[in-house]
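mind folding the following:
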Amino acid sequence: MFSQIFIDRPRLAIVVSIIITLAGVLALFNIPVAQYPPISPPEIRVQAAYPGANAEVVADSVAAPLEAEINGVENMLYMSSTCSNNGSYSLSISFEVGTDPNIAQVNIQNRVQQAIPKLPREVADQGIAVRTRSSDILGVISFFASEGSYDALFLSNYISINVKDALTRLNGISEAYLFGALDYSMRIWMNPERLTSLGLTADDVIAAIREQNVQAATGSIGTAPGSDAQQVQFTLRAKGRLKEIKDFENIIIRANPKGGVLRLRDVARVELGALSYASKSTLNGLSAVNMAIYRTSGANALDTMKAAEAEVERLSHRFPEGIKYRLVYDTTRFVQSAIQEIIFTLLITFFLVVGVTYLFLQDWRATLIPALTIPVSLVGSFAVLLVLGFSANTVTLFALILAIGLVVDDAIVVVENVQRVMQEENLCPKDAAIKAMGQVTGPIISTTLVLLAVFVPVGFIPGITGQLYKQFAVTISTAVLLSALNALTLSPALCAAFLRPSRTITRGPLAWFSRFLGVSRNAYVMTAAWLVKRRIVALIILILIIGSAYHLFVTRPTSFLPSEDQGVFFINVQLPESSTLARTNKVMAQVSELLKKTPGVTDVIAVSGYSLLSGSSENVGLGFVILEPWDKRDTPELKLDGILSRVRPQLAAIPSANIFAFGRPAIQGLGNTSGFNFQLEALGDQSPQGLAAATRALVVAANRNP
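So this is what the prediction gives:
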């Protein structure tokens, strides 16, 4: 008999269990931690810019050629794009789950190269970026300067040069995006009256700047082949691209044979400013540079955020005096809090199971055996998860919580049967263990196979939901298998070593519980015997139970995953078309002030000129509202739903814009908001104006049916 090998050699059973436990402990220190398994489809982002173009021009001249080439790329699920009035273009391509994002990026890059000849020269000159990037923001780091120490232009460029590039080099980070970036640019303010009087146009000025602001390759002098008398050679160096305001002012626009020269300063004013002023960001109403961190598809959020925070802390020691930073928005805080809660629940479940086991067995020696075998099965499961490339997430940890009740059963079956044999046949613990295992080995294997037959097929469910079930099924199946192994090896060895003939407890709470259990058992047996003789009654009860379960199943609302209080919500601001950034700034300041006074709110990041839903435009705005830690928000009105129910009417009362609040998606990478997205598609030759009118009509109709 298999178990007798370990009963005769208890040290062998202990060594096997120690090896399993050590493997699990080592895996615990190396396994990645995440909120959910990486189930979101890999996503590739294509970004381009057409300076000076409006959204319709971008759609016709940039979006159409690119999307015509990219459409149908291997394993593509769908794609969506955004064209903005500031000339920016963003295309998101989602691929089937399991697609290698690096291969997908290469395929997209090849398609983009085929489309470049069809694009305007200005777009090709700006460059087209192709990145593997999740659509969900991992975190936002705010940089700010002491009042009056540095202006926004210097701060933005300092962060862009010294911090942004360093972060994008980190593993797992796809992009570090500056909200309201003010990149250094030489701005030429032309005098139209002066140009007209001189017979010049803006194109003449642009041509002169392009011709004289070049990085020339000037070659060298004295290099071979040449005269043998040549003794030295020189590499020529030219001034290259212009950097100073005076250099640009001296650009020659026109010259005549008599020596007259018309320079740029004669027809224009030159200043060092920002490339674009179409966006602005603040922190709690004060000017700040807010940097959004995007992770690559499939990257571990916790590891990526820790690396980013450590890198910024390292770089902060070199910041000029007066520049500070804060990690204001961190999505991994919720993940860490959720994992801690689950681990706490796991420990409570373990102690409850051990307590209930002692309550029924009423012998500390018998209780010790399941208490020792449960951790072996649970901890050992982490080794298998690490080998399979899984993470410690809410799904796998929840599976382990359920597994505690399953893995303890095998050990209890062994212990109770050994105790029974010792009492009924008056055998020593070792002989009783050998005989008992001969009786229960088959049932243990059978019940294990039955459990595997239930959980293993779940792991083959396709789609995104199947990815969740797969990790759940593998985790609980692994724990059940290890439990069966322990029941055949460690449990009988411990029974032979620890168990002693049990004594009946006649006094105290345990005796009261035993008498109550006996009465309950007798009542159950009598009820079961009564129902066996009245099968119609039993059938009616069964039908009522099944009918009630079906009624609840079809009437309860369904969802993919429940919405949770993740400690943050977003604000979307939409002003009328053609509204200026100044108007948007006023509304965002009003929104920020209102939210900052809301109980439960700690920080408000406000971004004018950018929206998660509609991209870049001067008439939109975005707000990140960060809430206090969960332990400080212990009343319903301070929970996320309570704050949203109080804030939404206040935001709706602001007449100058359409403002609404929404939460984060349940799973990072699956959309930008909680709830669902509804997209209206023009399948015919409808104009953008016609599609917009149909969209407004749909929104009005939807609002009538809350």
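
so which strand or helix has the closest residue to residue 361 other than its chain neighbours?
The shortest distance from residue 361 to any residue other than its chain neighbours is 5.6 Å, reached at residue 367 (Cβ to Cβ, 6 or more residues apart in numbering). Any C-beta I mention is one placed from the backbone N, CA and C, and that applies to glycine too. Assigning secondary structure by DSSP states H and E places residue 367 in helix 364-387.

by contact count, what packs against that helix?
helix 10-30, helix 332-361, helix 394-425, helix 463-488, helix 490-498 (3 or more Cβ pairs under 8 Å, 6 or more residues apart in numbering; DSSP states H and E).

which other helices and strands does the longest one contact?
The helices and strands touching helix 394-425, judged by 3+ Cβ pairs under 8 Å, 6+ apart, are helix 332-361, helix 364-387, helix 429-455, helix 463-488, helix 490-498.

and the angle for that helix with helix 332-361?
Relative orientation of helix 394-425 with respect to helix 332-361: 10 degrees, computed using axes from the mean of the first three to the mean of the last three Cα atoms, to 10 degrees.

ok now helix 394-425, how far from the chain's centre?
Relative to the chain's own centre, helix 394-425 is displaced by 37 Å; criterion: Cα atoms, centre = their mean, to the nearest Å.

low-confidence ranges, this structure, go.
Across the chain, the stretches falling below the confidence threshold (pLDDT under 70) are 1, 135, 148, 297-298, 502, 504-506, 668-676, 706.

domain ranges for it?
Partitioning the chain according to automatic domain parsing yields domains covering residues 2-34+335-503, 185-218+237-274, 568-675.

so which of these comes closest to residue 287?
domain 568-675 (10.6 Å; Cβ to Cβ).

residues touching the nearest residue to residue 451 once chain neighbours are set aside, list them.
The shortest distance from residue 451 to any residue that is not its chain neighbour, by Cβ to Cβ, 6+ apart, is 5.0 Å, and that residue is residue 480. Applying Cβ atoms under 8 Å, 6 or more residues apart in numbering, we find residue 480 in contact with 403, 406, 407, 448, 451, 452, 455.

how about residue 472?
Residues counted as contacts of residue 472 (Cβ under 8 Å, 6+ apart) are 395, 396, 398, 399, 455, 458.

buried stuff in stretch 157-171?
Across stretch 157-171, burial judged by 16 or more other Cβ atoms under 10 Å covers 157, 158, 159, 160, 163, 164, 166, 167, 170.

I meant stretch 622-631, not that one.
Those buried within stretch 622-631 under the rule 16+ other Cβ under 10 Å are 622, 623, 624, 625, 626, 627, 630.

just to revisit the earlier point, need the contacts of residue 480 in CSV (columns: neighbour count).
Formatted as CSV, those follow (neighbours: other Cβ atoms under 10 Å):
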residue, neighbour count
403, 26
406, 17
407, 28
448, 20
451, 20
452, 16
455, 22
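
quick revisit: buried ones in the helix holding residue 367?
By 16+ other Cβ under 10 Å, the buried positions in helix 364-387 come out as 365-374, 376-386.

hmm, back to that, from the contacts of residue 480, pick the one nearest residue 39.
For residue 39, the closest of these turns out to be residue 455, at 18.6 Å, with distances computed as Cβ to Cβ.

quick one: that closest one and residue 474, what's the gap?
When distances are taken as Cβ to Cβ, to the nearest Å, residue 455 and residue 474 turn out to be 9 Å apart.

contacts only, for residue 477.
Applying Cβ under 8 Å, 6+ apart, one finds that residue 477 lies in contact with 451, 452, 455, 456, 459.

quick one: buried residues of stretch 438-450?
With burial defined by 16+ other Cβ under 10 Å, the residues of stretch 438-450 counted as buried are 440, 441, 444, 447, 448.

then stretch 94-101?
So, applying 16+ other Cβ under 10 Å, buried residues of stretch 94-101: 94, 95, 97, 99, 101.

my read is that the last one contacts residue 44, right?
Yes: with contacts counted by Cβ atoms under 8 Å, residue 101 reaches residue 44, the gap being 7.1 Å.
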